[in-house]
Structures are given as structure tokens and as C-alpha cells.
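**Q** Sequence plus the predicted model coming up.
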Amino acid sequence: MAQVPIRRMFGNPAIYMMSFLRLFLVPLLILFLSRLCSVDETIANINVVLSAMPVASYGTLFCIQYQKGEIIMAEGTFLTTLLSVISIPLLTMFL
């Protein structure tokens, strides 16, 4: 990840779409389904926050090990971690 230029980290529009889906849409979908199924509010809120966490670094490690797409995975890890600083507080305020 340290070898990828910082400009490249912010230049891929597909990463932004993936980050939006991962950090906003999936948690809101889980919240909707939890309320639809009458799940306890505390458990639903925990599930929403857990689903809003950034992409794990294990994906990057696997990509490096198998030499497939490690740069794009590093970009995704970096951007979702950076954007989660904004998305997690917004989701918890929404809950």
C-alpha cells in the first residue's frame, strides 16, 4: 500500500462506488431488513455499525500472496478506511 502513489488512491471512480455501497447502502439495507423482521433495536444497531466497517486488510494480504489485483485492493482498503471516519458517525447519528 505504501508503494502506491497517493494520487492513484483517489483516482479510480469504481473504488468510490464500491466504498459507497460498502459503507452506506449495505448498512442501510441491513437496518431496513432488521426493522422489517422486528429484530431487537440494540442488536440491529450493532449489526448496522459492524457492516459499516471498512474493508479488511486480509483481502489485500490474499491479493499480494496470489499476485492478483493487489493495487486495486490496496486502493479499496485505503479509501474505505478513510471514508469510514465520516460514514460511521453519520450512521450512528441516523440510528
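**A** On my side now, so go ahead. Predicted, not measured: the structure shown is a model, and the values here were computed from it. Numbering: from 1, shown residues only.
**Q** And V26, which helix or strand is it part of?
**A** Assessed by DSSP states H and E, V26 sits inside helix 26-36.
**Q** same deal with T60?
**A** In this assignment (DSSP H and E), T60 forms part of helix 58-66.
**Q** residues touching G59, list them.
**A** By C-beta atoms under 8 Å, 6 or more residues apart in numbering, the contact list for G59 reads 73, 76-77. Where you see a C-beta, it was placed from the backbone N, CA and C, and this is true even at glycine.
**Q** now these as CSV including distance to L95 and secondary structure?
**A** Formatted as CSV, those follow (distance: C-beta to C-beta, whole Å; DSSP: H, G, I helix; E, B strand; the rest coil):
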residue, distance to L95, secondary structure
M73, 30, helix
G76, 25, helix
T77, 25, helix
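**Q** Neighbour count, pLDDT and distance to F94 added to those residues, as TSV?
**A** Output for those, formatted as TSV (neighbours: other C-beta atoms under 10 Å; pLDDT from 0 to 100; distance: C-beta to C-beta, whole Å):
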residue	neighbour count	pLDDT	distance to F94
M73	20	79	29
G76	23	81	24
T77	22	82	25
